[in-house]
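Chemist: sequence? don't have it. structure:
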RNA sequence: GUGGAUAUAGUUCAGGUGGCUAGAACGCCAGAUUGUGGCUCUGGAGGCCGUGGGUUCAAGUCCCACUAUCCACCCCA
């Protein structure tokens, strides 16, 4: 236990971190282009926020939250998703007094107590955006498009975008009733979990993977036919907008997000490279969350992208082959008597902005060269008797094996020229 | 929460029906005469064989429990 990371958590080693930095950089760039600004919220919140925001009856709140009492008895929960905390900030910091819409993005860890499997851990990370204040379907379009552009810029161009509308409170109630009525007589053929869902949350039956349930649903009423005029018009505008900006999508009436706050537009971006989990990005509109949490009535929309899942997809497609970080120079000294000279050179290089390393293991020159090759380094500077005496450094290009003599005082310009050429 | 598979060096894996002083490859370290890497050769370090019980003269090998990992269900990113 002492030397084991907790179940469902992972270490990111130095070879992996550059991949994350790369994805984060691209995400920040895209968000910037779309006018979204970064926000960072606490890792934990008061438990009530999630109970109220996500919904008491959801799986997340019922059984997946990392909840504990702090030393003064407050109930605290590690954030299981990114939207509710940002909505809380929006209210608490009165961001509704800023020019609307308020467009925010975040990169955050999330925590859910679940059994780990492919594409699912207990601590995972999300790239997310939220746009507050506008009911316009063009915001829905922007949110979906930002996700698509982001994934495209990473090199993924064939992911599938699926959209649906689950309507507002009113049309959803009508639809729920219709679905219940339809399924009631066929109740016997439903799988066991769906029998329970019939009363509790009939919408959830729609994305059941059980083949029997799927068969029954073939002739089931479709929510899109139960949308009120407002919701129908909104959905039409979203579809029109997506076509206008050339985002390919399909309408999938089976999409029902598992969080209670969604209204109208919901969407998923899915990939085949994720094992049983296929969703890499999920989101939609949530017009009542802010009000529900005590803020002014505020329509909003957003998405979350699973970073670990994104890594899986990118790696499956060979899109995360980031070259290892190279040192510019390794300063090798023949033996301890040249150590001081080597150190001075080392720090001169570092001060000048180069990345430079030296030996701390008391290795022989040969072993130092070997090490320089492995870390890896572009050049090795060799310091011995001749160099110290003449002030002319032996510089070896470790890629080509070529060796030159460079006067010590010209070293910086020499390196600058070489490295700028892309060596 | 449920089900299946797995658990041996840093890593990937060998170790039929119990008898090992537990192996290989890669990696790591050190050498192959005199100031130099990548290839090659030689040598070395490194394993409470997941943890705890049990069966047995004898257990890495059989049995049980626990834990962890992987996969799937549920659900989601």
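Modeler: Arrived safely, thanks for sending. A quick note: this is a predicted structure, and the numbers were derived from the prediction, not measured.
Chemist: what sits against whichever residue of chain A sits closest to RNA strand B?
Modeler: When Cβ to the nearest atom of the strand is the measure, chain A has its nearest residue to RNA strand B at residue A:258, with 0.7 Å between them. Any C-beta I mention is one placed from the backbone N, CA and C, and that applies to glycine too. With contacts defined as Cβ atoms under 8 Å, 6 or more residues apart in numbering, residue A:258 is in contact with A:58, A:59, A:60, A:204.
Chemist: what residue spans form the domains of chain A?
Modeler: Domain segmentation of chain A under automatic domain parsing yields A:17-168+A:228-316, A:327-417.
Chemist: and the stretch 101-250 of chain A, which of its residues are near RNA strand B?
Modeler: Within the stretch 101-250 of chain A, the positions lying close to RNA strand B (Cβ under 7 Å from any atom of the strand) are A:112, A:114-121, A:124, A:126, A:193, A:197, A:204, A:207-210.
Chemist: ditto for the stretch 301-423 of chain A
Modeler: Residues of the stretch 301-423 of chain A lying close to RNA strand B by Cβ under 7 Å from any atom of the strand are A:304-306, A:308-309, A:334, A:361, A:363-367, A:369-374, A:380, A:382-387, A:394, A:396-401, A:403.
Chemist: neighbouring contacts of the helix or strand where residue A:331 lies?
Modeler: When secondary structure is defined using DSSP states H and E, the element that contains residue A:331 is strand A:327-333. Judged by Cβ under 8 Å, 6+ apart, the contacts made with strand A:327-333 from elsewhere in the structure are A:339, A:341-342, A:345-346, A:349, A:354-359, A:365, A:368-369, A:371-372, A:375-384, A:415, A:419.
Chemist: if we go to 7 Å?
Modeler: Contacting residues not belonging to strand A:327-333 are listed as A:339, A:342, A:345-346, A:349, A:354-359, A:365, A:368-369, A:372, A:375, A:377-383, A:415, A:419 [Cβ atoms under 7 Å, 6 or more residues apart in numbering].
Chemist: just stretch A:344-360 next, same as before
Modeler: Contact with stretch A:344-360 is made by A:327-332, A:342, A:368, A:371, A:375, A:377, A:381, A:383, A:412, A:415, as judged by Cβ under 7 Å, 6+ apart.
Chemist: make a ChimeraX selection of the buried ones in the residues of the stretch 101-250 of chain A next to RNA strand B.
Modeler: In ChimeraX syntax, the buried subset of these is picked out as below (16 or more other Cβ atoms under 10 Å):
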select /A:112,114,119,120,121,124,126,197,204,207,208
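Chemist: low-confidence bits of the stretch 301-423 of chain A, can you list those?
Modeler: Applying pLDDT under 70 to the predicted model, the residue ranges of the stretch 301-423 of chain A that meet it are A:421-423.
Chemist: ok, and for stretch A:191-200, which residues are buried?
Modeler: Neighbour-count burial for stretch A:191-200 flags A:191, A:194, A:197, A:198 (criterion: 16+ other Cβ under 10 Å).
Chemist: that concludes my questions; thank you for your assistance.
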